[in-house]
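# With the input below, show me the fold.
(4 chains)
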Protein chains: 2
Amino acid sequence: MDDRILLDFAAAAQTDLGQLLNAAAHRVTGDVLARLRQGGHPDIRPAYLAVFGGLQPGGTRITVLAERAGVTRQAMSALVRDVEAVGYVTSGPDPADGRAVLVRLTPRGVTFCVDALAMSDSVTNDIVQALGDPRVDALRLALRDIGANPADPR
Amino acid sequence: MDDRILLDFAAAAQTDLGQLLNAAAHRVTGDVLARLRQGGHPDIRPAYLAVFGGLQPGGTRITVLAERAGVTRQAMSALVRDVEAVGYVTSGPDPADGRAVLVRLTPRGVTFCVDALAMSDSVTNDIVQALGDPRVDALRLALRDIGANPADPR
DNA sequence: CGTATATAGTCAAGCAAGTTGCCTAACTTT
DNA sequence: AAAGTTAGGCAACTTGCTTGACTATATACG
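Just a heads-up that it's a prediction; the model follows:
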């Protein structure tokens, strides 16, 4: 049972892009969430952000929200129910389609979006402080290229 | 209900570090997982990697694995049970401590580790191909700084 | 030596965030 | 009007974790 491979494995983990990306993502999103919870939005959960990210002025259907978030309609339906229970959105009938539900921001939801933008800026600024502007710009570009590029030539 | 904030929100999402990081991380780890599944390890699940990442030659206790992975002993215990059921590790008594369980790689587990290193290299190479070596090096450094730095100055 | 305490592991229950399968109500097509 | 499609939601399951309570073994102390 020649398990010396484990030494290589542990060494590679230090420089593995997947792990580095996961760790950094976890830290950044965790920081933003923590600051939001501490700043007057204690009920917010990570998944809720997908709802706000898909909303557009005037109200948005659940199906559209689901598509934008990349989850099923069922999942988004439950998410909207929860976010509504916490008071950030309301849902009502779509006058243009009796089957559809339109999800809209409440005033408290507006406040949340303002605060979320501020907290995200704040965390980003901390990172800029630590790395410097050029490195953060380069980081953003690299991340966008990785996210966009198939990198998966079957 | 002044929800024009949603326009800002949607615009900010494009450059938000948290989202860029999450998208890139998802893509990279998803690619590695997909190639492993397609390359003779169809039963592997993302969480299993935490087991291999904590193993060291000669066998490792569940408590140690849990600490390294940053999860509870209960979670690691279940994980080891599952990975053992799929045939990548065995667990047996620790001769030095009657309470402890030593987890060891099976030959198939050794093969898996070799393949996992190869697949991770392969995905990394695709990224290097797309971005170029210097940008990937800079990316790694930036990610490490973000992961290491508290970025969270109370 | 025996009792107290700490440690390794597991069982059970539950939460968070999803999935698939199925179903109803409403709209659209023919 | 009948047939098909679409929006949404209910139920059950999956994955990956958590906390709480428990057993068995090991160690420390008087």
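# Not counting sequence-adjacent ones, nearest residue to residue A:23?
Setting aside the residues directly before and after it, residue A:23 is nearest to residue B:147 in space (C-beta to C-beta, 6 or more residues apart in numbering or on different chains), at 4.1 Å. In this view, the C-beta of every residue, glycine as well, is placed from N, C-alpha and C.
# packing partners for the helix or strand that the one you found is a member of?
Under the criterion of DSSP states H and E, residue B:147 resides in helix B:133-148. Secondary-structure packing of helix B:133-148 (3 or more C-beta pairs under 8 Å, 6 or more residues apart in numbering or on different chains; DSSP states H and E): helix A:17-38, helix A:107-131, helix A:133-148, helix B:107-131.
# okay, those helices in a markdown table with mean neighbour count, mean pLDDT and distance to DNA strand D next?
A markdown table is the format used below for the helices and strands packed on helix B:133-148 (neighbours: other C-beta atoms under 10 Å in any protein chain shown; pLDDT from 0 to 100; distance: least, C-beta to the nearest atom of the strand, whole Å):
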| stretch | mean neighbour count | mean pLDDT | distance to DNA strand D |
| --- | --- | --- | --- |
| helix A:17-38 | 20 | 93 | 10 |
| helix A:107-131 | 18 | 95 | 18 |
| helix A:133-148 | 17 | 92 | 21 |
| helix B:107-131 | 18 | 95 | 15 |
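# Relative to residue A:57, which of those helices is closest?
helix A:107-131 (10.7 Å; C-beta to C-beta).
# residues in contact with the residue nearest to residue A:22 when sequence neighbours are not counted?
Spatial nearest neighbour of residue A:22, excluding adjacent residues (C-beta to C-beta, 6+ apart): residue B:25 at 4.7 Å. By C-beta atoms under 8 Å, 6 or more residues apart in numbering or on different chains, the contact set of residue B:25 is A:18, A:21, A:22, A:24, A:25.
# need the longest strand for chain A.
Taking DSSP state E as the criterion, chain A has its longest strand at strand A:97-105.
# mind listing what that strand pairs with, with the direction of each?
Applying DSSP bridges, strand A:97-105 is found paired with strand A:60-61 (antiparallel), strand A:89-94 (antiparallel).
# Now do the buried residues in it.
Residues of strand A:97-105 classed as buried: A:101, A:102, A:103, A:104, A:105 (neighbour count, 16 or more other C-beta atoms under 10 Å in any protein chain shown).
# Name the surrounding residues that touch the helix or strand hosting residue A:52.
Residue A:52 belongs to helix A:49-54 when assigned by DSSP H and E. Outside helix A:49-54, the residues that touch it by C-beta under 8 Å, 6+ apart are A:60, A:64-65, A:68-69, A:71, A:76, A:79-80, A:83, A:88-89, A:103, A:105, A:109, A:112-113, A:116, B:6, B:9-10, B:13.
# what subset of these is also close to DNA strand C?
Contacts with DNA strand C are made by A:71, A:79 out of the contacts of helix A:49-54, judged by C-beta under 7 Å from any atom of the strand.
# Just give the nearest non-adjacent residue to residue A:13, would you?
residue B:53 is the one closest to residue A:13 (C-beta to C-beta, 6+ apart), at 5.5 Å.
# tally of neighbours for that neighbour?
When neighbours are defined as other C-beta atoms under 10 Å in any protein chain shown, residue B:53 has 19 of them.
# per-residue pLDDT, residue A:94?
pLDDT recorded at residue A:94 is 97.
# ok, it touching residue A:103?
No - using C-beta atoms under 8 Å as the test, residue A:94 is too far from residue A:103 to be in contact (9.9 Å).
# Now do the shared contacts for the two.
Common contacts of residue A:94 and residue A:103 (C-beta under 8 Å, 6+ apart): A:59, A:61.
# what's the residue nearest to residue A:23 in contact with, if anything?
Contact analysis of residue B:147 by C-beta under 8 Å, 6+ apart lists A:20, A:23, A:24, A:27.
# correct me, but the last one touches residue B:146?
Yes - distance between residue A:27 and residue B:146: 6.3 Å, which falls inside the contact criterion (C-beta under 8 Å).
# Which positions in chain A make contact with DNA strand C?
A:45-47, A:50, A:70-72, A:74-75, A:78-79, A:97-99.
# hmm, which of those residues are the buried ones?
Neighbour-count burial within the residues of chain A next to DNA strand C applies to A:50, A:71, A:79; the criterion is 16+ other C-beta under 10 Å.
# List just the nearest of those residues to chain B.
residue A:50 (10.3 Å; C-beta to the nearest C-beta).
# Residue A:68 versus the closest one, what's the distance?
Using C-beta to C-beta, to the nearest Å, residue A:50 is found at 8 Å from residue A:68.
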